[in-house]
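[1] Let me see the structure of the following:
(one chain, ligands or ions: 1)
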Amino acid sequence: MKKLTPMMKQYFEIKEKYKDCILFFRLGDFYEMFFDDAIIASRVLEITLTGRECGFDEKAPMCGVPYHSSNAYISTLIRNGYKVAICEQTEDASKSKGIVKREVVKIISPGTIMDDSILNNKENNYLMSITFNDTSASISYVDISTGDLSCTFIDRSMLYEEIIKVKPTEIIYSSQTTEDRLKLICDQNNIFLNENSTKYYSTDSSILSKYFDESYLLNVGILDKIEIKYSLIGLLNYIYNTQRQVASNINKINYYNSLDYMCLDVFTRRNLELTETLRSKEKKGSLIHVLDKTSTGMGSRLLKKYVDEPLINKASIQERLDLVDELVKDYNLREDISSELKNIYDIERLCGKIAFENINPKEIINLKKSISRIPKIKHIISNSECIHLKKLSEKMDELSDIYNFINDAILDEPSVTLKDGNIIRSSFSDEVRELRDLSKNGTHLIKEIESRERLKTGIKSLKVGFNRVFGYYIEITNSNLKQFELPSEYIRKQTLSNAERFITLELKEIEEKILNAEEKIKELEYQLFLDIRSRIYKNINRIQLVAKVIAKIDVLISLSQVAYENNYCKPTLNTDGNLTIIDGRHPVIEKLINEENFVPNTTNLNTSDCSICIITGPNMAGKSTYMRQVALITLLAHIGSFVPAKEANISIVDRIFTRVGASDDLSQGQSTFMVEMTEVSHILKTATKNSLVILDEVGRGTSTYDGLSLAWSIVEYISNNIGCKTLFATHYHELTVLEKNLSGVKNYSVAVEENGEDIIFLRKIVEGGADKSYGIHVAKLADLPDEIIKRASEILNKLEQSNINHAPHDFSSATIEAAFTKESVVNEQISFYDTNPLLKEIVSLDIVNMTPIEALNTLYKIQGKAKSMEMI
Ligand SMILES: Nc1ncnc2c1ncn2[C@@H]1O[C@H](COP(=O)(O)OP(=O)(O)OP(=O)(O)O)[C@@H](O)[C@H]1O
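    Have a look, this model is predicted:
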C-alpha cells in the first residue's frame, strides 16, 4: 500500500483534534473536503463527489466549493447541524520542509456564525452557556454579532423556561453527562446542543479579565458570583478558541434576576402565540407580528425582549407607558422620528463587524449615514412637548466627531472590497493624492504617446493598449505594417493573426511609474482603512450606547404607532388585584377578521366577589379567544404597551399561566391527557394569588366523569388554596353550580341565538351559565353529512331523556355536600335505615376520597337500591 501524501497526513492530523467538525481545507481558490466530511458535504450541499489521489491505493472521496462563494455553503452545513473548521495557511505556519502548512483558523457553529443571513436578520443569534448545580443553574448568553451579553442565576426548575425564552441557536454546557430533557428541548426547538463543550469550562478566569476588569464585575454585581463567572468563562473561552480572537464588541454584561420579570412558562408562551404561531411556527399571526413596526434591527430585537420579559415593577411599566403616551398623542413627531429611523442601519451589528475586523468600506459609510440621523432625531425631540422622551434623548451622544472623521476619510461611494482601492478621499492623505495624480497623469501620458506615435509613423489606427502579460504595447495592423516603415526603437513583442505588438523603452518606463502608483495606492488605501477602522473601534462603546437609545426610541415609536392605528387605550395599573377591561379585543384576531367585525368584551376580575370566572358556551362561540385576549391585554400592559380595549385597569400580576386545548406531546412518550395534567399540575404548584390563570377545557382529555370531577376539584383547589384570578372555560355545564358553593366564583357564557335549527354566534360574554352545548349545531355548520347530524340529534334526545328519567343530577350545594361528607351521608340518609342491610356497604365506602361525581353516583345507586327495597 502507498504512503499517505503529505497533505492527507496533515488532514488526518487536524481531523484527529477536530473530530466533530467538517474540515474546510483551503487549496488555492477552493475549500476542499475529504473522506467522511466530503460524503456529508456532497449530500447536504448537493455537490459532486469525486476522488483525490491521497497516497492510499484507493482515492479519497473529495468535493470542493469555491472560496469566494463558500459562505453560503458553510451556512447550509451549519443550519443542518454541523460545525465547520476552516483550515488555512497562516503566516506563522506557512511552509515547513517545502510543504504548505495549514491550521484551523476558525470554527463556525450555529452560535458563532456571522454570515449575511444572520447580519441582515433582525433577530438575535444567541450562543448560550449553562453550568449546573444540584438545585440551580447559571446561564449566560451572547449574540457575538451585536455583543449583547446577559447572564442570570436560576432555580433548576426554571432552566427550560429560560432556554425557551432566549431560544439560542447553540448551547454549550459544563457537565459531562447530558440530561435527556435538555436533549429533547434542544431537539424540539432546533437548538444545536454542543456535546463537546465541557473542555471550555475552567476555574482559570484569565479569559474573563480579557473582557472586563474587576471593578466592572463588582459594579455589575458578579465579582463574587462563582457560578455565574464559571458559565461566563465557558462562554468566552468557547468564543476565543473557536474564533481565534477576543470578541471585543462584548464589553457589557446584563446581569439580571429572572424574578424581576413576569415569568411565562413554555406552555403559556406557546399558547398565547407571542412570537410565533402554535401550529405553523411563523411570526405572521403572532402578537409580535402585530406589534413590530420597528425600523431598525436593534429596535426589532429590543421589542422581542420586551415581549419575552414583561415587567412586574409598576413604576418601570408606568415609565414606558408614559413615553408611549407622549408619542401616541403627537402624530407629526412620530412620523418625523420614524422617517429618520428608516435611514438607520443595524448599528449594533455594524459595531460587531468592526470588532471582528470584517467590516467593509461601504458598511462604514452606512454607519456614517446612520450617525448623521442622530442629531436630527435629537433636534426633532427637543422641539417637541414630550418631557419623558426629551429626557431619554438628551443623554444621546451625537457622535459628530466620528461622523466627521468618517466623512473626511472615506469616499461616499467606496468599493466594497478592501484591496481594490477606491476607498480613501484624496483630501484625507497627501500620499494618496500624490499617487492618484501620478496614476491619473500616467494614463494621460499614455494617451499623449499614442497621438505622438500616430503622427510620427503616419499610422492613424496605431493604438497603445495594455495587457497583464507584458503591460503597455503599441499595436499596428498587418496591412499598415506593409505600407509604413516603423521607427527603429520599436521592439517586436507579440504576433497576432492580423496585427503585431511592440514595446519601447519609454513606454516601459512610464508603465512602471503608473503600475507602481496603482499598486501603491491600493496598499496604502488598505493600510489607511485598517487604521480608520481601529480608530472607530476605539469609540465602539459610545456607538453601542447610542444604538441602545435608538433601539428604545424605535420600540416606543412602534408601540405608539400600533396603539394609534388600532385604537388602543392607555391602561392604568394597580396592585390591588383588580383587573377591569372594558370592551377588550384580541389584538391578533381582530386584525385577522377586520376590526369592525370583532365583538369587544368586558372583563371584571377582582379579589372579592369575582376571582374565578367559569365560562361556558357552545363550541366556536369564542371562549378561547376571549380568555386569550384577557391574557394578552394583561401582558401588553406589563410590557408598557397600550392595550386593545376602551378602558383597562390592570392589576400587576407575577405570572400568567395558560392551559389551552389538549396538545399532544407524543415525542415525549406522553399521552395528550398526561400532558394536560402535567401542565395543570405545574400551574397549581406555582401560581400565587397574584397570578392570572387561564384554563381552557381542562379535563376534556379523559372520560366525561373523570374530566368533570377533575375540573370541579381544580376550581375548588384554586378557590380554596390559591385565590388567583382565573378564567376557566368548560363544556361541563355542571360546574356552574360552583357559583353557589364557592365565594368568588362567577358564571359567564358566550351568547348565541337560536334560529330554527341554526345558531348565530353573538360572541358576547354575558353573566350566567350556558344551558346547552350546541355541539351538533356546530357540526352542522362544519358541513357534516345530514345523515350524521340527524342521527346524532336522535341519540342526543334519547340520552337527554334517559338522563332525566334515570338519574336526575341534582347538583344543589346540599347534595354535593352530602356526597362529599361521610358524616352527612351517614347522618342525613343512613340514619333512616340503621337496621338496613345496606348500612354495612355504605359505611365501608371511602366517600371522602371519591370524586364528586363518583360520590354522587354512589349516592344515587344507594338511593335506587333503597327505593327498590321500598325503604324510601
Ligand atoms: N369576540 C369575537 N368577535 C368576533 N369573532 C370572534 C370573537 N371571538 C371569537 N371569534 C371567532 O370565532 C372563532 C372561534 O373562537 P374560539 O376558538 O375562541 O371558540 P371556542 O368557544 O373556544 O370554541 P371551542 O370550544 O370549540 O374551542 C375564532 O376563530 C374567531 O374567528
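[2] for the protein, which spans come out with low pLDDT?
    1-2, 91-99, 660-672, 700-705, 757, 771-785, 787-872 (pLDDT under 70).
[3] Which is the succeeding secondary structure element to the longest helix belonging to it?
    Ranked by number of residues, the top helix in the chain under DSSP state H is helix 505-537. The helix or strand immediately downstream of helix 505-537 is helix 540-565, counting by DSSP states H and E.
[4] List of residues touching the helix or strand just after that following helix?
    Using DSSP H and E, the helix or strand that follows helix 540-565 in sequence is strand 572-574. Outside strand 572-574, the residues within contact range by Cβ atoms under 8 Å, 6 or more residues apart in numbering are 314, 317-318, 321, 637, 648-652. Any C-beta I mention is one placed from the backbone N, CA and C, and that applies to glycine too.
[5] how about a cut-off of 6 Å?
    The contact list for strand 572-574, computed with Cβ atoms under 6 Å, 6 or more residues apart in numbering, reads 314, 649-651.
[6] List the pairing partners of that strand within its sheet, with orientation.
    strand 647-651 (parallel) (DSSP bridges).
[7] Give the pairing partners of whichever helix or strand comes after the strand it pairs with; include direction for each.
    Toward the C-terminus, strand 647-651 is succeeded by strand 655-660 as the next helix or strand (DSSP H and E). Applying DSSP bridges, strand 655-660 is found paired with strand 263-264 (parallel), strand 692-696 (parallel).
[8] Quick one: residues in contact with the shortest one.
    The set of residues that contact strand 263-264 without belonging to it, under Cβ under 6 Å, 6+ apart, is Arg655.
[9] Please apply the same query to the last one.
    Strand 692-696 has contacts (Cβ under 6 Å, 6+ apart) with 624, 627, 631, 634, 653, 656-660, 683, 687, 724-729.
[10] now do stretch 448-457
    The contact list for stretch 448-457 (Cβ under 6 Å, 6+ apart) reads 462, 464, 484.
[11] Show me what counts as buried in it.
    449, 453-454, 457 (16 or more other Cβ atoms under 10 Å).
[12] what do you get for stretch 402-413?
    402-403, 405-407, 409-410.
[13] what about dumping the CA coordinates of it to CSV?
    Extracted in CSV, the C-alpha atoms of stretch 402-413 (Å, rounded to 0.1, in the frame of the first residue of the first chain):
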residue,chain,number,x,y,z
ILE,A,402,-17.0,60.1,14.4
TYR,A,403,-19.2,61.3,11.7
ASN,A,404,-16.7,64.0,10.7
PHE,A,405,-13.8,61.5,10.8
ILE,A,406,-15.5,59.0,8.5
ASN,A,407,-16.7,61.8,6.3
ASP,A,408,-13.2,63.2,5.9
ALA,A,409,-11.6,59.9,5.4
ILE,A,410,-13.8,57.7,3.2
LEU,A,411,-15.3,58.3,-0.2
ASP,A,412,-19.1,58.5,-0.4
GLU,A,413,-19.2,55.5,-2.8
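[14] Off-centre distance for that stretch?
    34 Å (Cα atoms, centre = their mean, to the nearest Å).
[15] Over to stretch 420-434?
    The answer for stretch 420-434 is 43 Å, by Cα atoms, centre = their mean.
[16] Then stretch 557-568?
    23 Å.
[17] Enumerate the residues of the stretch 651-800 of the chain near the ligand.
    Residues of the stretch 651-800 of the chain lying close to the ligand (Cβ under 6 Å from any ligand atom) are Arg763.
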